[in-house]
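1. Generate coordinates for the sequence data below:
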Amino acid sequence: MNFGLSEEQEMIVKTVRDFVETEIYPYENEVDRTGIVSPGLAQEIRRKCIELGFYACNFPEEIGGAGLDHVTFTLVERELGRGSMGLTVFFGRPSGILMACEGEQRERYLLPAVRGEKIDALAITEPDAGSDMRGMKCAARQDGDDFVLNGTKHFISHADVADFVIVFAATGEEETPKGAKKKITAFLVDRGTPGFDILKGYDSVSHRGYHNVILNFTDCRLPKSQVLGEVHRGFDIANEWLYGTRLTVAATCVGRARRVFDLALPYAAERKQFGRPIGANQGVSFKLADMITEIDAADLLTLSAAWKLDAGVPANREIASAKLYASEMLARVTDEAIQIFGGMGLMDDLPLARFWRDARVERIWDGTSEIQRHIISRDLLRPFGA
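-> Have a look, this model is predicted:
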């Protein structure tokens, strides 16, 4: 077991961290205040990421990506987690699900996404279908060689800046031992397609500037060529994709927690009350000890899950554990950091209140904490037939 990073990995970590500190940090307060990222700034971040050679670093080299393995890509996501998501979203990491593109789809969607010419967004969640993906009501009926899509999606991240959306819709039902279940199909839907409307989403306290939107489909006609993967097999594609996104959530939570800790530690050492640094008191020093222990544990759990993916070993439970623990760890660490800073921790002069707000959504999206516990417990009990 070698826990050290290679020279290349050390260089990548430093490069991405420097990028976040110089290109992301200076704009975070303004984005958090206004909730807006100007198109010019978004394009500049994307351009600089492409120049660095990091755009689509999660894709294979043979199609223009950087070809990073899972561990190295997780390190990249960890460093990006230090910055505002409203800005780091333009440090492009297209959805891995696009690797399912075939034929003309590769030229229209996959390769432009890898080159940074197009941005994709993923549309699964609905008002009545969150954790229960099979409960979606958005449906596509086949009409000759076309599909006609109707329904609504919401909480769709960054679809307001996307050129196309990967939409999951019910396309039939199948009988299973547990009853009827909907068959799901994934579709590639271009912005501007008749019957496809992008509406303003909800105002969120978390990740301001990283918008969620509502998608409406009204008799939206799609040729069969817009099916991503196989008809009725979208659920399989989604599950494979969700492994990666949950690992990303874990990694970004670790990165954000380390940034929070980097603010709290020197403050505890320098801030004096009753004639000595507050860090000299166990009430504060023990908080620091717990914080770094939890951060390190989440970091190792996350990298271990990524290593299993690289080794070709099933890692569903480990990824769920990493997402669960890291997201809940971030909530505890940000809360304790604010306690160390006292009243100043809640002031806009510091980013801690923003980190505290941002931390809350991590336990919800990409699979709630309850769903992760379900995945973990099911994996443990399955060998016993329970």
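2. Tell me where the model's unsure across this structure.
-> Applying pLDDT under 70 to the chain flags residues 242.
3. So which residues of it form helices?
-> 7-19, 25-34, 39-52, 70-80, 85-88, 104-105, 111-115, 234-270, 282-310, 316-341, 352-361, 369-381 (DSSP state H).
4. With respect to Ser157, which of these lies nearest?
-> helix 85-88 (8.6 Å; Cβ to Cβ). Yep, even glycine has a C-beta here, placed from its N, CA and C like the rest.
5. so how far is that closest one from its chain's centroid?
-> Distance of helix 85-88 from the chain centroid (Cα atoms, centre = their mean, to the nearest Å) equals 11 Å.
6. packing partners for that helix?
-> Using 3 or more Cβ pairs under 8 Å, 6 or more residues apart in numbering; DSSP states H and E, the elements in contact with helix 85-88 are helix 25-34.
7. sorry, back to before: using TSV, please lay out the helices of the chain together with mean neighbour count and distance to Phe59.
-> Putting those into TSV (neighbours: other Cβ atoms under 10 Å; distance: least, Cβ to Cβ, whole Å) gives the following:
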stretch	mean neighbour count	distance to Phe59
helix 7-19	15	15
helix 25-34	15	27
helix 39-52	15	13
helix 70-80	24	10
helix 85-88	23	17
helix 104-105	14	15
helix 111-115	20	5
helix 234-270	21	12
helix 282-310	18	15
helix 316-341	23	20
helix 352-361	20	26
helix 369-381	15	26
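8. With distance to Asp190 as added columns, please give those helices in a markdown table.
-> Converted to a markdown table, these look like this (distance: least, Cβ to Cβ, whole Å):
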| stretch | distance to Asp190 |
| --- | --- |
| helix 7-19 | 31 |
| helix 25-34 | 28 |
| helix 39-52 | 19 |
| helix 70-80 | 27 |
| helix 85-88 | 24 |
| helix 104-105 | 12 |
| helix 111-115 | 11 |
| helix 234-270 | 18 |
| helix 282-310 | 31 |
| helix 316-341 | 31 |
| helix 352-361 | 28 |
| helix 369-381 | 31 |
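9. out of the ones you listed, nearest to Thr152?
-> helix 234-270 (17.4 Å).
10. quick revisit: out of the helices of the chain, which is closest to His154?
-> Nearest of those (Cβ to Cβ): helix 352-361, 14.4 Å.
11. And the closest one, what does it pack against?
-> Right, helix 352-361 is packed against helix 234-270, helix 316-341 by 3+ Cβ pairs under 8 Å, 6+ apart.
12. For Val161, which of the helices of the chain is the nearest?
-> helix 39-52 (6.8 Å).
13. re the thing from before, could you provide the helices and strands packed on helix 352-361 in a markdown table, with additional columns for distance to Lys181?
-> Converted to a markdown table, the helices and strands packed on helix 352-361 look like this (distance: least, Cβ to Cβ, whole Å):
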| stretch | distance to Lys181 |
| --- | --- |
| helix 234-270 | 9 |
| helix 316-341 | 20 |
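14. and stretch 197-215, which residues are buried?
-> Buried residues in stretch 197-215, defined by neighbour count with 16 or more other Cβ atoms under 10 Å: 198, 201, 204, 206-215.
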